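**Q** I need the structure of the sequence given here:
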Amino acid sequence: MTRYALRRLVGILPTLLAIVTAAFFLMRLAPGGPFDEEQTVPPEIEANLQAAYGLDQPVLVQYRNYLAGLLHGDLGPSFRMKDFSVAELIARGLPVTLTIGSAALALALLLGVPLGLLAARRHNGWIDHAVMGIALAGIAVPNFVVAPVLALVFGVRLGWLPVAGWEPGSLRHVLLPAVTLALPFVAYIARLTRGSLLEVLQSPYIRTARAKGISGGAILRRHALRPTMLPVVSFLGPATAALLTGSLVVEQVFGLPGIGRYFVQGAINRDYTLVMGMVVFYAVLILLLNLAVDLLYGWLDPRIRHE
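**A** You can find the predicted model right below:
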């Protein structure tokens, strides 16, 4: 297992390099620049700004310098937020994004797994059809529709929860964004759990357990639950990353100072280093989460072994 983990860690590096390279040159191909303003900037001032940030150098030289900075953990300065480096902006927004994403993931698991198990145990019954119908609706309705509706109902009409802003440690400010993020993932996890459990229940060892007179609940707890969770665990890696990256819209709607908001502002302002820093952060996060999911497989299923 240790050798496998080390090989996977080494294998992450070429993937990360490819992502950084593609993002870097795509940003340079985008029209405009970070210092383009609505008002015309005198050429000499623009030239000084370009020179100060190294943008007057050839693109390949800029690329080499950026990679050299990454090797030293330097994501560079923000071109538009001149008082902050990219690392400082990520550090400021990350606690908010992690709080919302963690709450949404916990909510998705706490609701999705039991609903999927219940639907599978009541296969082809009205409970099964109801759960799958609700799950389909949760997948079909996007976040940018759910967020304003929840804000209007629970924030404006009922006045139970705040519709914008952030207060550290306040559960009331977490609920609406977390529920908005979690709803589609509740649906995905419920569908995965249901389908996986139905497949596991058809396995020969489950039929053997039934023939021995073991109750359905005991079969589920002792024999079926762990293999049922394999697809769910596989989904958790990209789901966690999607919850963090999916917060882009939610953070804008609810006015949260998370990294998604900085990412949007960087893209609008063509802040090259800020966008690149966010891309690198998200890429590393996704790759590490996928590695963690692969390692969990060996614990959940004894048949899976990584040498």
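**Q** Show me the helices in the stretch 101-250 of the chain, by range?
**A** For the stretch 101-250 of the chain, applying DSSP state H, counting those that start in this stretch gives helices covering 126-140, 143-150, 171-200, 204-211, 216-219, 225-245, 247-254.
**Q** buried ones in stretch 237-245?
**A** Gly237, Ala239, Thr240, Ala241, Ala242, Leu243, Leu244, Thr245 (16 or more other Cβ atoms under 10 Å). (Each C-beta comes from the backbone N, C-alpha and C, glycine too.)
**Q** got it, and stretch 266-279?
**A** Gly266, Asn269, Arg270, Asp271, Tyr272, Thr273, Leu274, Val275, Met276, Gly277, Met278, Val279.
**Q** contacts for that stretch?
**A** 19-20, 23-24, 27-28, 30, 32-34, 36, 66, 75-81, 86-87, 89-90, 259, 262-263, 265 (Cβ atoms under 8 Å, 6 or more residues apart in numbering).
**Q** if you set the cut-off to 6 Å instead, what comes out?
**A** Ala23, Met27, Gly32, Pro34, Leu75, Gly76, Ser78, Phe79, Arg80, Val86, Phe263 (Cβ atoms under 6 Å, 6 or more residues apart in numbering).
**Q** Please flag which of these sit within helices.
**A** Among the contacts of stretch 266-279, the ones falling in helices (DSSP state H) are Ala23, Met27, Val86, Phe263.
**Q** Dump the residues you listed to JSON lines, plus distance to Gln202.
**A** Below are those laid out as JSON lines (distance: Cβ to Cβ, whole Å):
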{"residue": "Ala23", "distance to Gln202": "45"}
{"residue": "Met27", "distance to Gln202": "50"}
{"residue": "Val86", "distance to Gln202": "51"}
{"residue": "Phe263", "distance to Gln202": "45"}
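**Q** Buried among those residues? Make that a ChimeraX selection.
**A** Buried residues among those (16+ other Cβ under 10 Å), as a ChimeraX selection:
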select :23,27,86,263
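**Q** Closest one of the ones in helices among the contacts of stretch 266-279 to Ala108?
**A** Nearest to Ala108 among the ones in helices among the contacts of stretch 266-279, counting by Cβ to Cβ, is Phe263 at 22.3 Å.
**Q** Spit out the contact partners of the closest one.
**A** Met278.
**Q** Pull the number of nearby residues for Ala164.
**A** 12 (other Cβ atoms under 10 Å).
**Q** Who's the closest spatial neighbour of it, skipping the chain neighbours?
**A** Excluding its sequence neighbours, the residue lying closest to Ala164 (Cβ to Cβ, 6 or more residues apart in numbering) is Gly255, at 3.8 Å.
**Q** can you count the residues close to that neighbour?
**A** 13.
**Q** what do you get for Val153?
**A** Residues near Val153, counting by other Cβ under 10 Å: 13.
**Q** how about Glu167, phi and psi?
**A** Phi and psi for Glu167, reported as degrees, to the nearest 10, are phi -130, psi 110.
**Q** Residue ranges in the stretch 1-150 of the chain under the pLDDT threshold?
**A** 1-5, 8, 31-46, 49-50, 52-56 (pLDDT under 70).
**Q** same thing but 80
**A** Along the stretch 1-150 of the chain, segments meeting pLDDT under 80 span 1-12, 27-59, 76-84, 121-124, 138, 143-144.
**Q** The nearest residue to Gln57 once chain neighbours are set aside: how many residues sit nearby?
**A** What sits nearest to Gln57 in space, not counting adjacent residues and going by Cβ to Cβ, 6+ apart, is Asn65, at 7.6 Å. Counted with other Cβ under 10 Å, residues neighbouring Asn65 total 13.
**Q** Could you check which helix or strand contains Asn65?
**A** Taking DSSP states H and E as the criterion, Asn65 maps to helix 59-71.
**Q** before we move on, what about Arg261?
**A** Per DSSP H and E: helix 259-268 holds Arg261.
**Q** Distance check, the nearest residue to Ser234 once chain neighbours are set aside against Ile134.
**A** Leaving out its chain neighbours, the residue that sits closest to Ser234 by Cβ to Cβ, 6+ apart is Val293, at 5.9 Å. Separation of Val293 from Ile134 (Cβ to Cβ, to the nearest Å): 26 Å.
**Q** go on, Leu198?
**A** Distance from Leu198 to Ile134, by Cβ to Cβ: 18 Å.
**Q** what distance separates the start and the end of stretch 266-275?
**A** 6 Å (Cα to Cα, to the nearest Å).
**Q** Off-centre distance for that stretch?
**A** 20 Å (Cα atoms, centre = their mean, to the nearest Å).
**Q** residue contacts, Val264?
**A** Neighbour list for Val264: Leu248 [criterion: Cβ under 6 Å, 6+ apart].
**Q** Distance of it relative to Gly258?
**A** Per Cβ to Cβ, Val264 is found 10 Å from Gly258.
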